[in-house]
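# I'd like to go over a predicted model; first the sequence, then the structure.
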Amino acid sequence: MTEWTQESTTPLHSFAVCSDADVGKKRKKDDDMVQTFAHELRYPATTNAQHLAFEMAKHHDTQHMSVVFSTYHSIAVIHHAQHPQRLADFDLIICDEAHRTTGATFGEEDESNFVKVHDADFIRAAIRDGRRLFDYIAERQRIIIYKSPRGRHPTPCFPLQSTSFLPRSPIMALFRCNKCNHLREVEAVHVGKTAKCPSCAHPENHIYDTVDFVTQMFQHYQALQSNFLEMRARLTAAQQPAPRVVSPIVDVHNSSELAEESQYGSAMRWFTDRKIQVEVDQAALSTEGFFDEVAVELGDHYALLSVVSERIKNAQMRGYNTVKIKLSDYKPHQVEYLKRFCRQLHGYSFISRYNIDRNNPDLLFITPQEAKPIVRFFAGGWLEWYVYVKVLDALYKAGRKVSCLKNFTVTWQNGERNEFDLFYLLDDKVPLLIECKSGDHRTYLQKSADLRKRLKLGKTNFLLLVAGLEPEKVAGMSATFDVSVANEINAVSTVLKLIGAA
């Protein structure tokens, strides 16, 4: 709040709404957190709607701008302050992490607190549209700023008293490299200028007005679409072509084609031909995200990197906020690899942060990410991603025609349901079902054998893959139980051996 107050040209009356009891409390000198002290606040942090409404009404005047700093999780306090307590409408709402306010929810969960900020009946405000920001903010004096619960470095706001010098430029601009297509947001004042690409160092790249850039892109799209429709109109065919299987030239690490029915249709029909219904998760098949890259890095170096993934998994399961790794237990080159992996995780937002203790460089601290897809990834989903892309890539290179499913649900004729990890159909006839286990695998050995028999699959058509399983145990379990077993090290070679035998 000190930054906001110092940088503002209009005196502020600041109010904090946050359920974090530490806000406004002084911390120890070596605490690695952004500090906010009670004397910095006009009104100490509260979750009492009545007190908030009373204090804002008491302190509001024409010489100051009233600013409420609130977390999304405390949005209900603002709601109750406005409705039962008659707190006046806000003139402006500024939302941090605005991409999280777009309306996305998971399953049957209640509407997200991030989404409620756009509900005019829930929070009353005159403006939420950034396009009207410069025309409106100068004439108003009541503003609310929403922060993520873990947002620590807000960009200072500059409330303005006059609109005479306000720029009529877009809120942001776009930089695009003509060589490597690197794209990034820059300040609007740079529109029309050129700059060197920070990615490939290519000089003289233009900075565009965002609206103009999008308009030109849309015009190009319309031209291409028109040409496509003209070409398709000229084509004639006696019948609809059969669903195609993904070509081996597809980049398995960055493809949405894997989520198309033309790819997984043959695999799905293998089940429906046996009176087994299939529910396909298309999102689980697309590799446009970063799950496959992180999974391959983890799986290829699991002996070393498992300490990171397992401790993050345990912390997420137990609700811990920090993971600690003692670096002195590893050789220097291993320490560097651990740090590089943490940089990759942080770069892809798989962890919130990581740092080395200044007072004890021997300790590496990691703050896990709380997003549900990330939690599922470290809980075992990483192994499915790893096997999925590694095996698919190997089958393409072997020249096999492949159709596959991932993380799908089947319903048997008697109504019973099962979830399967991976299924490949080779050359439209050879099935291969793979179940992946990153934890205790012992209870799944007999279950896997029973499942194989229920689907009437041969031993070469079913594989149980267990992460971290010792090589001698892999051979022993394969010989003892009526199911093929592998680990992440020999997964690909085992699959190629199995399909060769099939």
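That came through fine. Predicted model, so just to flag it, every value in this text is computed and none were measured. Residues are numbered from 1 along each chain as shown.

# which strands and helices sit next to the helix or strand hosting residue 216?
For residue 216, the host element (DSSP states H and E) is helix 210-234. Applying 3 or more Cβ pairs under 8 Å, 6 or more residues apart in numbering; DSSP states H and E, one finds that helix 210-234 makes contact with strand 173-176. Just so you know, the C-beta spots here come from the backbone N, C-alpha and C atoms, and that holds for glycine as well.

# buried set for the strand it packs on?
173-175 (16 or more other Cβ atoms under 10 Å).

# Could you do stretch 477-485 as well?
Of the residues in stretch 477-485, 477-478, 483-485 count as buried by neighbour count, 16+ other Cβ under 10 Å.

# Show me the two of these that sit farthest apart.
Maximum pairwise distance among these (Cβ to Cβ): 9.3 Å, between 477 and 484.

# sorry, back to before: just the ones in strands from the buried residues of stretch 477-485, please.
Among the buried residues of stretch 477-485, the residues falling in strands (DSSP state E) are 484-485.

# And what about residue 286, helix, strand or coil?
coil (DSSP: H, G, I helix; E, B strand; the rest coil).

# quick one: residue 380 and residue 478, what's the gap?
From residue 380 over to residue 478 the distance is 22 Å, taken as Cβ to Cβ, to the nearest Å.

# next one: residue 496
16 Å.

# Neighbours of residue 51, how many?
16 (other Cβ atoms under 10 Å).

# show me the contacts for it.
Applying Cβ atoms under 8 Å, 6 or more residues apart in numbering to residue 51 gives no contacts.

# Checking my notes, it in a strand, right?
No - applying three-state DSSP, one finds residue 51 to be helix, outside a strand.

# Which residues belonging to stretch 457-468 are considered buried?
457, 459, 461-468.

# Unless I'm misreading it, residue 441 sits right up against residue 464, doesn't it?
Yes - the criterion here is Cβ atoms under 8 Å, and residue 441 meets it with residue 464 at 7.2 Å.

# The closest residue to residue 16 other than its chain neighbours in helix, strand or coil?
Nearest residue to residue 16, sequence neighbours excluded (Cβ to Cβ, 6 or more residues apart in numbering): residue 45, at 4.1 Å. Of the three states, residue 45 takes strand under three-state DSSP.

# quick one: residue 45 and residue 52 touch, right?
No - using Cβ under 8 Å, residue 45 makes no contact with residue 52, being 10.3 Å away.

# Now do the shared contacts for these two.
Joint contacts of residue 45 and residue 52 (Cβ under 8 Å, 6+ apart) are residue 17.

# can you tell me the helix or strand for residue 443?
For residue 443, the element it lies in under DSSP H and E is helix 442-454.

# by how many degrees do the next helix or strand after that helix and helix 442-454 diverge?
Once helix 442-454 ends, the next helix or strand along the chain (criterion: DSSP H and E) is strand 462-466. Relative orientation of strand 462-466 versus helix 442-454 (axes from the mean of the first three to the mean of the last three Cα atoms, to 10 degrees): 170 degrees.

# which secondary structure elements does strand 462-466 contact?
Strand 462-466 packs on strand 430-437, helix 442-454, strand 484-486, helix 491-501, going by 3+ Cβ pairs under 8 Å, 6+ apart.

# Which strands or helices does the shortest one pack on?
Applying 3+ Cβ pairs under 8 Å, 6+ apart, we find strand 484-486 packed against strand 462-466, helix 471-480, helix 491-501.

# In a markdown table: those, plus distance to residue 399 and mean pLDDT.
Shown next, in a markdown table, are the helices and strands packed on strand 484-486 (distance: least, Cβ to Cβ, whole Å; pLDDT from 0 to 100):
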| stretch | distance to residue 399 | mean pLDDT |
| --- | --- | --- |
| strand 462-466 | 21 | 90 |
| helix 471-480 | 27 | 82 |
| helix 491-501 | 12 | 82 |
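
# Would you mind putting these into CSV with distance to residue 363 alongside?
As requested, those are exported to CSV (distance: least, Cβ to Cβ, whole Å):
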stretch, distance to residue 363
strand 462-466, 31
helix 471-480, 33
helix 491-501, 34
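
# Can you say which of those is nearest to residue 288?
The minimum distance between residue 288 and the helices and strands packed on strand 484-486 falls on helix 491-501, with 22.9 Å, by Cβ to Cβ.

# If we go by neighbour counts, what in that closest one is buried?
For helix 491-501, the neighbour count (16+ other Cβ under 10 Å) marks 491-492, 494-496, 498-499 as buried.

# Quick check: which element contains the residue nearest to residue 402 when sequence neighbours are not counted?
Spatial nearest neighbour of residue 402, excluding adjacent residues (Cβ to Cβ, 6+ apart): residue 395 at 4.8 Å. Using DSSP H and E, residue 395 sits within helix 382-397.

# what's that helix packed up against?
When contacts are defined as 3+ Cβ pairs under 8 Å, 6+ apart, helix 382-397 packs onto helix 291-300, strand 402-411, strand 417-426, strand 430-437, helix 491-501.

# between that helix and strand 462-466, what angle do the directions make?
130 degrees.

# Now do helix 382-397 against helix 291-300, angle only.
Going by the same axes, to 10 degrees, helix 382-397 makes 100 degrees with helix 291-300.

# and helix 382-397, average pLDDT?
In this model, helix 382-397 has a mean pLDDT of 90.

# Give me the residues contacting that helix.
Counting by Cβ under 8 Å, 6+ apart, 248, 250, 252-253, 258, 287, 291-292, 294-296, 298-299, 309, 377, 402, 404, 406-407, 421-422, 424, 426, 434, 436-438, 465, 467, 488, 491-492, 495-496, 499 sit against helix 382-397.

# Buried subset of these, written for ChimeraX?
Buried subset of the contacts of helix 382-397, written as a ChimeraX selection, criterion 16+ other Cβ under 10 Å:
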select :248,250,252,258,287,291,292,294,295,296,298,299,309,377,402,404,406,407,421,422,424,426,434,436,437,438,465,467,488,491,492,495,496,499
